[in-house]
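> Dropping the sequence and predicted coords here.
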Amino acid sequence: MLEFLHPGPDSKSELMETLADAEKRELIEPESLQMLEGVLRMAELSAGDAMVAAPRMDLLDIESPYEELLGLVIDAGHSRFPVFDGTKENIIGILLAKDLLKMQRAPELNLRALLRPTVFVPESKGLNELLRDFRSNRNHLAIVIDEFGNTAGLITIEDVLEEIVGEIEDEFDDKDGESGIYTLADGSQRVAGDAVIAAVNHSFSVHFPEDEFDTIGGLVAQEHGRVPRRGEVVDVGGLRFAVMLTRGGAVRWFKVTRIDPSKG
């Protein structure tokens, strides 16, 4: 009788509509709605949907000298790095940036002895299950492999949590106003997919049409023929747009660099 008088949602879409209605009636905060929707969406996503594609992985060569490794670690700014031996497909372990500093005090240390075990997961592994694994085994980075056993990319616990709470900014992100355009350590720009065309034109001194699309994500999708996936690269108007993060069927962040005409 109670179900008849007050029927509950019968599907995930109806549940999301109910939550949206609750937010409109100020029963829950907008931030809470965003996270609840993220939790529901995450249940449908796999490691392949949220990973950093192999071409964009920052890897360390076990045979590189210490100074070279230190420079790469500083430039990339990550806390964990996959380490390979010989070929990039042969990942032999994970190096924590803080562990590399131990070699500064004790140069006799063997880098191989500092490596942590590598966790491999299939592209099809659900994010819910992956998050549970990250929490239980205390490994916060996994290498994603495709159906043929080749490296498809990597995924971190931050990548998974961002599907729930949205982009996690840190103290190293330099913000250029409120335009959704940020300066990265290597001098390139990180541009939000929903950044307005006018802001992109101003920042890069380009002349993309402002009357056809509202956002740079829409323009890039039109040029590409579809919404590009994470790790894909699209060249438009002298700029190279590398997809850093997608969410909800749209590009969340691009890494944008200028195309060097001499390199094609």
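All right, it came through fine.
> Walking through the stretch 1-150 of the chain, point out its strands one by one.
Here the stretch 1-150 of the chain has its strands, by DSSP state E, counting those that start in this stretch, at 52-53, 60-61, 80-85, 87-96, 120-122, 141-145.
> by contact count, what packs against the first one?
Pointing back at strand 52-53 there. Under the contact definition 3 or more Cβ pairs under 8 Å, 6 or more residues apart in numbering; DSSP states H and E, strand 52-53 sits against strand 151-156. For the C-beta atoms, the positions are set from N, CA and C on the backbone; glycine is no exception.
> okay but residue 251 is in contact with residue 195, surely?
No: taking Cβ atoms under 8 Å as the definition, residue 251 is not a contact partner of residue 195, at 10.4 Å.
> Comparing these two, which residue is more hemmed in?
Each of residue 251 and residue 195 has its neighbours counted (other Cβ atoms under 10 Å); residue 251 has more, 28 against 22.
> would that one count as being in a strand?
Yes: Residue 251 forms part of a strand when assessed by DSSP: H, G, I helix; E, B strand; the rest coil.
> How many neighbouring residues does the closest residue to it other than its chain neighbours have?
Once flanking residues are discounted, residue 251 sits nearest to residue 193: 3.7 Å by Cβ to Cβ, 6 or more residues apart in numbering. Other residues near residue 193 come to 24 when the count uses other Cβ under 10 Å.
> Identify the residues contacting residue 193.
Shown in contact with residue 193 (Cβ atoms under 8 Å, 6 or more residues apart in numbering): 215-217, 220, 250-254.
> Quick check on those residues: which are buried?
Among the contacts of residue 193, those classed as buried by 16 or more other Cβ atoms under 10 Å are 215-217, 220, 251-254.
> Kindly indicate which of the residues you listed lies nearest residue 80.
Nearest to residue 80 out of the buried ones among the contacts of residue 193 is residue 253 (Cβ to Cβ; 20.1 Å).
> can you tell me how far the closest one sits from residue 100?
Shown here: residue 253 relative to residue 100, a distance of 27 Å by Cβ to Cβ, to the nearest Å.
> okay, residue 217: pLDDT?
If you check residue 217, the pLDDT there is 93.
> For it, which non-adjacent residue is closest in space?
In space, and not counting its chain neighbours, residue 217 is closest to residue 193: 3.3 Å by Cβ to Cβ, 6+ apart.
> quick one on the thing from earlier: so for residue 251 and residue 195, which residues contact both of them?
Common contact partners of residue 251 and residue 195 (Cβ under 8 Å, 6+ apart): residue 217.
> Could I get the buried residue list for stretch 111-121?
Using 16+ other Cβ under 10 Å as the test for burial, stretch 111-121 gives 111, 114-115, 118-119, 121.
> Check stretch 192-206 too.
Buried, per 16+ other Cβ under 10 Å, within stretch 192-206: 192-193, 195-197, 199-201, 203-204.
> Can you flag which of the residues you listed belong to helices?
Among these, the residues falling in helices (DSSP state H) are 197, 199-201, 203-204.
> I figured residue 239 hits residue 204, correct?
Yes: between residue 239 and residue 204 there is a contact at 6.1 Å, judged by Cβ under 8 Å.
> and for these two, which residues touch both?
Common neighbours of residue 239 and residue 204 (Cβ under 8 Å, 6+ apart) are 256, 258.
> picking up where we left off before, got the contacts of residue 193 as JSON lines, with distance to residue 136 columns?
Formatted as JSON lines, those follow (distance: Cβ to Cβ, whole Å):
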{"residue": "215", "distance to residue 136": "39"}
{"residue": "216", "distance to residue 136": "40"}
{"residue": "217", "distance to residue 136": "36"}
{"residue": "220", "distance to residue 136": "39"}
{"residue": "250", "distance to residue 136": "32"}
{"residue": "251", "distance to residue 136": "32"}
{"residue": "252", "distance to residue 136": "28"}
{"residue": "253", "distance to residue 136": "29"}
{"residue": "254", "distance to residue 136": "34"}
